[in-house]
Structure formats: structure tokens, C-alpha cells
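> okay, predicted coordinates and the sequence, questions at the end:
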Amino acid sequence: MLPRRILLALLAGLPLAACNARAPARVAAVDEDAAWYIGTMPDQPFDVPLVDRSRMDPKYRRQTVAYRGPEKPGTIVVDIDERHLYLVQDGGEAIRYGVGVGKLGFSWKGTASVGRKGVWPDWGPTSRMVSLNPDLPRSRKGGVDNPLGARALYLYQGGRDILFRIHGTNEPWSIGEQMSSGCVRMLNEDVVDLYERVPVGTTVLVKRHGRYRV
């Protein structure tokens with residue numbers, strides 16, 4: 001069972017899930033939410049809540065798969081339709097992660113790169129988010145209740161932050177889903193794994209209908 005203090009923090013963060021806002025979670029969902037967690041993984045400055053992966057569709061569990069794409073090893077490829085993120089490896093393989101996607105994932109085009117990386121990053125709404133929901137807090141410190149989760153990769157084009165993130169989530173049930181808002185979300189333990197494998201400057205491509213969005 002997830003420690004009570006972590007569970008309460010997770011529930012506190014649900015109104016700001018992913019990169020955008022959503023309606024507050026119902027108190028009746030507490031037990032169901034807690035059932036998703038089986039413990040924690042040591043990390044600094046917070047431990048990472050670990051998800052019971054048996055509750056997920058097996059295709060969204062992190063695994064190494066055969067990969068025949070033309071991208072160079074080290075490239076990140078997000079397949080919007082499949083709800084998968086691939087980290088291309090040598091030898092015709094890739095590490096495949098399940099992801100959840102939001103509207104920004106469908107609108108973003110072109111080739112990006114990881115401009116910077118964040119550990120338990122702070123969160124702040126965009127000006128558009130504030131215009132749609134003026135009651136949003138203007139910032140939230142990093143932690144288990146933070147919408148960006150344990151890690152975030154900030155994507156840039158031409159040296160400019162395009163406000164598109166690959167990040168952790170405190171809503172593991174959203175992996176494999178299309179959300180009403182947000183960027184590309186991963187299980188916290190998965191985004192920690194990805195974070196450790198990719199440097200700043202990594203190329204990121206998005207595919208839909210089998211084609212790159214360029």
C-alpha cells in the first residue's frame with residue numbers, strides 16, 4: 001500500500017494533472033487510486049511512487065522491442081496513435097514506453113530537441129491556461145503532487161521552448177489514453193528511466209498515422 005502521506009499528496013495534485021487543469025478528484029475514488037501503487041523507489045528529494053504494472057495493458061509496460069525505423073540510435077519517437085514512446089537503440093531495437101497524450105501532442109509538428117531537463121520540476125501554467133482558468137495557481141513546487149511528476153524533458157525548436165513536455169504523471173491510469181489536455185505523460189518510474197538515458201540535445205520526433213508530423 002502506498003504510504004498515506006504520499007497518497008494524500010497524489011490526490012492533492014489531481015486537479016492539475018499533466019500540463020493542464022482538470023476537475024477535482026472525487027473522495028470516493030481514494031481507495032481505487034491507492035490500489036494503483038505498490039511501494040516507492042528511492043529518489044531525491046522525494047521517493048518515486050511505484051505503480052502496480054499488472055493493472056496496465058501489457059503493451060504499455062516498459063520493454064525492449066524490435067525496431068525497424070530509420071532514426072539514429074538515441075532518437076526519441078512519440079507515436080501518438082499507438083500511445084508509445086520509443087527510444088531508438090543500436091541493433092534494430094528500441095526501448096518502448098507507454099504514454100498518455102493530450103491535445104498538444106496532436107498539434108505539435110516538426111523536429112524538436114531536449115532543450116533542458118528537470119528533476120522533480122516546478123510547474124507553472126501557460127498564459128493561455130490562465131486565460132481559460134484564472135483561478136489556477138501561478139506555480140507549484142516540485143513534488144509527488146506536481147503535475148509534471150518526477151522528471152520533465154522540455155522540448156525546444158530553434159532554441160525556443162515550445163511549451164511541449166515529456167513528463168511524469170500522478171495519474172497512472174491515464175497511460176494509453178488521450179487526455180483533454182496536456183503533453184506526453186509517462187509513469188514516474190518510466191520518465192526517470194528515460195531521463196537517465198537521454199542527454200540535452202536529444203532529437204524528438206512525433207508520428208501520427210504512421211508519418212512524422214513535420
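Okay, I see it.
> average model confidence for the helix or strand that contains Tyr86?
For Tyr86, the host element (DSSP states H and E) is strand 84-88. Averaging pLDDT along strand 84-88 yields 98.
> what's the first helix or strand after that strand?
Scanning forward in sequence from strand 84-88 by DSSP H and E, the next helix or strand is strand 93-98.
> what angle sits between that following strand and strand 84-88?
Orientation note: strand 93-98 sits at an angle of 160 degrees relative to strand 84-88 (axes from the mean of the first three to the mean of the last three Cα atoms, to 10 degrees).
> give me the residues contacting strand 93-98.
Strand 93-98 is touched from outside by 56-57, 59-67, 69, 77, 83-89, 175-176, 186-187, 190, 193-194, 197, with contacts defined as Cβ atoms under 8 Å, 6 or more residues apart in numbering. Bear in mind the C-beta positions are built from the backbone N, C-alpha and C, glycine included.
> before we move on, what about stretch 49-62?
Counting by Cβ under 8 Å, 6+ apart, 2, 6, 10, 35-41, 83-84, 95-99, 144, 170, 172-173, 175-176, 187-190, 193 sit against stretch 49-62.
> now for Gln178, how many residues are close by?
15 (other Cβ atoms under 10 Å).
> list phi and psi for the nearest residue to it once chain neighbours are set aside.
Among residues not flanking Gln178 along the chain, Val101 sits closest, at 5.6 Å (Cβ to Cβ, 6 or more residues apart in numbering). The phi/psi pair for Val101 (degrees, to the nearest 10) reads phi -130, psi 150.
> for Arg62, see how far away Val101 is.
Using Cβ to Cβ, to the nearest Å, Val101 is found at 17 Å from Arg62.
> show me the shaky parts of this structure.
Residues of the chain that meet the criterion pLDDT under 70 lie in 1-31, 103-107, 126-130, 132, 137-138, 180-182, 213-214.
> which ones are touching the residue lying farthest from the centre of the chain?
Centroid-distance maximum for the chain: Gly91 at 26.6 Å, with Cα atoms, centre = their mean. By Cβ under 8 Å, 6+ apart, Gly91 lies in contact with nothing.
> what about it, distance to Ala150?
Relative to Ala150, Gly91 is positioned 29 Å away (criterion: Cβ to Cβ).
> now stretch 83-93: buried residues?
Using 16 or more other Cβ atoms under 10 Å as the test for burial, stretch 83-93 gives Arg83, His84, Leu85, Tyr86, Leu87, Val88, Gln89, Glu93.
> which of the residues you listed sits closest to Asn133?
Checking these against Asn133 by Cβ to Cβ gives Arg83 as the nearest, at 26.1 Å.
> looking at Val101 and Arg62, which is more packed in?
Neighbours around Val101 and Arg62, counted as other Cβ under 10 Å, are more numerous at Val101. The numbers are 27 against 16.
> the more buried one and Glu82 touch, don't they?
No. In this structure, Val101 is not within contact of Glu82 by Cβ atoms under 8 Å, at 9.9 Å.
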